[in-house]
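A structural model of the following input is requested.
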Amino acid sequence: MATMTKYRFQSLLFIFIAFMLGCNEYMIVGVLPDIAHEFHEPLSKLGFLVTMFALIYAASTPIITSLTSRWSYHGILITLMIIFLIGNTWTAFSTNFISLLWSRILTASVAGAIISITLVLANFTAPLDKRASLLSWIFAGFSIASVIGVPIGTLISTTLSWHDSFLIVSIFSTCALLLLIKLSPKEPPKAQMKIKAQFQLFKNRRVLLGILFVIAICAADYTFYTYIRPLITTQMGFDRTQLNWILFSFGICFIIGNKIGGMIADRGGISQLPIIYMTMTVLLLILAPALNFKWLAYAIIAFLCIAVSAYSSTTQIFFLDIATQNYPQSINIASSLNSIFANIGISLGSLTASQIVSVTSVANVGYIGAIYSMIAVIAIVHLNRLSAIEA
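Presented below is the predicted three-dimensional model:
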């Protein structure tokens, strides 16, 4: 009984860590206009913060994660959490673009490894019949950040300052760090492997197709979500009093998508994904004209938020299962594939969106998102065929 109680508290801690990371990563999209106003910088330039964060996140995660086989998961996770706390607090006190950029680079460099190690610990700690559910809730922690963190961060930013929004994240980080010290999870067994051997997972064609799928989905997402605030206010015509409620409702949609993803992971996995992303492609194509009808555009974006978060549990378990069966030395890397390549997709989508916004209207970002979404459909259909052949 005591063991089950501790597991429940550990599960809540894993979800809270994901929530904290989500607040740090996603809150920036809600406060970009306020940062641009304070620093007297164009919004398109500030969008580079999203791109750079995602690129550093993707580049640093596999390096740090591959090194964790040499040390205790618990010790390195606490160390990374301390670095994250320092970086986020630096963000809160930044007074110019360069300082803000470097602070985001520091937090990005450890954020991916934190969630990867958290997923390894969760995957090992959870009973087999609860694994998909727990992983979906951890991914939902990021969505909960959209539901609570992003709207509250935006509200604090518009009423006080964006600096205070990030100070709240530092408080969350401190709480998570103290809880982690108290609720130390059991260490998973690990084999001492050369770093090169851990990357053999990338020789698998199904893994490569899964990676392409994740990149394309997240690129499609961030072509429009990087500029979600101007889309809601400038393009759709909602006022500031409605903004936080709309962001809150989109966060609810992310949570729904994650829970749907957990059910999909248990009932068919990747074979259930093509129809979702075919629908997503169509909706992205009609987003621009739909912006003239605010509630229709709202409904489209709500479905997009559900769709872009429905893949995560399925692909996470897909990568972990391939590693467990064929590349046991690569289990740490497999745990980080979703977060690594999701952030490559985020950087690609936000960079593309910033270029589109600099030369044309923000209303047109959906067309680029549709191209990325179609690439995702092609990848997942081909992955299903390859999996059927190799089964």
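
Helices of the stretch 151-300 of the chain, start to end?
162-182, 195-198, 205-225, 228-230, 240-266, 274-290, 294-308 (DSSP state H, counting those that start in this stretch).

Contacts for the fourth one next, please.
Around helix 228-230, the neighbours that count as contacts under Cβ atoms under 8 Å, 6 or more residues apart in numbering are 29-30, 32-33, 43, 154, 243, 247, 250, 301, 362. Where you see a C-beta, it was placed from the backbone N, CA and C, and this is true even at glycine.

Can you tell me which of those residues lies closest to residue 343?
Distances from residue 343 to the contacts of helix 228-230, taken as Cβ to Cβ, are shortest for residue 29 (14.0 Å).

What does the pLDDT read for the closest one?
Residue 29 is assigned a predicted lDDT (pLDDT) of 69.

try residue 7
66.

before we move on, the earlier item: of all the helices of the stretch 151-300 of the chain, which lies closest to residue 73?
Here helix 162-182 is closest among the helices of the stretch 151-300 of the chain (Cβ to Cβ), at 10.9 Å.

ok, back up a step: which one of the helices of the stretch 151-300 of the chain is the most hemmed in?
With neighbours taken as mean count of other Cβ atoms under 10 Å, the helices of the stretch 151-300 of the chain reach their highest mean count in helix 205-225, at a mean of 24.

Using PDB, write down the CA coordinates of that one.
Taking Å, rounded to 0.1, in the frame of the first residue of the first chain, the C-alpha atoms of helix 205-225 are listed here in PDB:
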ATOM      1  CA  ARG A 205      13.900   2.700 -41.000                       C
ATOM      2  CA  ARG A 206      10.700   2.700 -38.900                       C
ATOM      3  CA  VAL A 207      12.400   4.900 -36.300                       C
ATOM      4  CA  LEU A 208      13.500   7.300 -39.000                       C
ATOM      5  CA  LEU A 209      10.000   7.500 -40.500                       C
ATOM      6  CA  GLY A 210       8.600   8.100 -37.000                       C
ATOM      7  CA  ILE A 211      11.100  10.900 -36.500                       C
ATOM      8  CA  LEU A 212      10.000  12.500 -39.800                       C
ATOM      9  CA  PHE A 213       6.400  12.300 -38.700                       C
ATOM     10  CA  VAL A 214       7.100  14.000 -35.400                       C
ATOM     11  CA  ILE A 215       9.100  16.800 -37.000                       C
ATOM     12  CA  ALA A 216       6.400  17.500 -39.600                       C
ATOM     13  CA  ILE A 217       3.500  17.500 -37.100                       C
ATOM     14  CA  CYS A 218       5.300  19.900 -34.800                       C
ATOM     15  CA  ALA A 219       6.400  22.100 -37.700                       C
ATOM     16  CA  ALA A 220       2.700  22.300 -38.800                       C
ATOM     17  CA  ASP A 221       1.700  23.100 -35.200                       C
ATOM     18  CA  TYR A 222       4.100  26.000 -34.800                       C
ATOM     19  CA  THR A 223       3.500  27.700 -38.100                       C
ATOM     20  CA  PHE A 224       0.300  28.900 -36.400                       C
ATOM     21  CA  TYR A 225       0.900  28.500 -32.700                       C
END
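
That helix versus helix 240-266: what angle between them?
Orientation of helix 205-225 against helix 240-266 (axes from the mean of the first three to the mean of the last three Cα atoms, to 10 degrees) gives an angle of 170 degrees.

from the middle of its chain, how far away would helix 205-225 be?
Centroid displacement of helix 205-225 relative to its chain, using Cα atoms, centre = their mean, to the nearest Å, is 12 Å.

next one: stretch 355-363
Its chain's average C-alpha position is 24 Å from that of stretch 355-363, according to Cα atoms, centre = their mean.

Could you do stretch 157-165 as well?
Distance of stretch 157-165 from its chain centroid, counting by Cα atoms, centre = their mean, is 23 Å.

And stretch 339-352, by the same measure?
Mean-position distance between stretch 339-352 and its chain equals 10 Å (Cα atoms, centre = their mean).

rewinding a little: export the helices of the stretch 151-300 of the chain to a markdown table and append columns for distance to residue 340 and mean pLDDT.
Formatted as a markdown table, those follow (distance: least, Cβ to Cβ, whole Å; pLDDT from 0 to 100):
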| stretch | distance to residue 340 | mean pLDDT |
| --- | --- | --- |
| helix 162-182 | 22 | 84 |
| helix 195-198 | 13 | 62 |
| helix 205-225 | 8 | 86 |
| helix 228-230 | 23 | 78 |
| helix 240-266 | 18 | 77 |
| helix 274-290 | 20 | 87 |
| helix 294-308 | 17 | 86 |
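
Minimum distance to residue 314: which of these has it?
Closest to residue 314 of the helices of the stretch 151-300 of the chain, according to Cβ to Cβ: helix 240-266, at 4.5 Å.

quick check: angle from that closest one to helix 274-290?
On the basis of the same axes, to 10 degrees, helix 240-266 is oriented at 160 degrees to helix 274-290.

Check which helices and strands helix 240-266 sits against.
The contact analysis (3 or more Cβ pairs under 8 Å, 6 or more residues apart in numbering; DSSP states H and E) places helix 240-266 against helix 131-144, helix 150-159, helix 228-230, helix 294-308, helix 312-326.

Go through the contacts of helix 228-230 and say which is closest to residue 334.
Comparing these against residue 334 with Cβ to Cβ places residue 29 closest, at 28.6 Å.

Please list all residues in contact with residue 45.
Contact analysis of residue 45 by Cβ under 8 Å, 6+ apart lists 36, 97.

related to what we said a few turns ago, now the helices of the stretch 151-300 of the chain in TSV, with distance to residue 336?
Shown next, in TSV, are those (distance: least, Cβ to Cβ, whole Å):
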stretch	distance to residue 336
helix 162-182	19
helix 195-198	11
helix 205-225	11
helix 228-230	26
helix 240-266	18
helix 274-290	23
helix 294-308	19
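
so what's residue 306 up against?
Contacts for residue 306 (Cβ under 8 Å, 6+ apart) come out as 253-254, 256-257, 260.

That one - nearest residue in space that isn't next to it in sequence?
Distances taken as Cβ to Cβ, 6 or more residues apart in numbering put residue 257 closest to residue 306, at 4.0 Å, once the chain neighbours are dropped.
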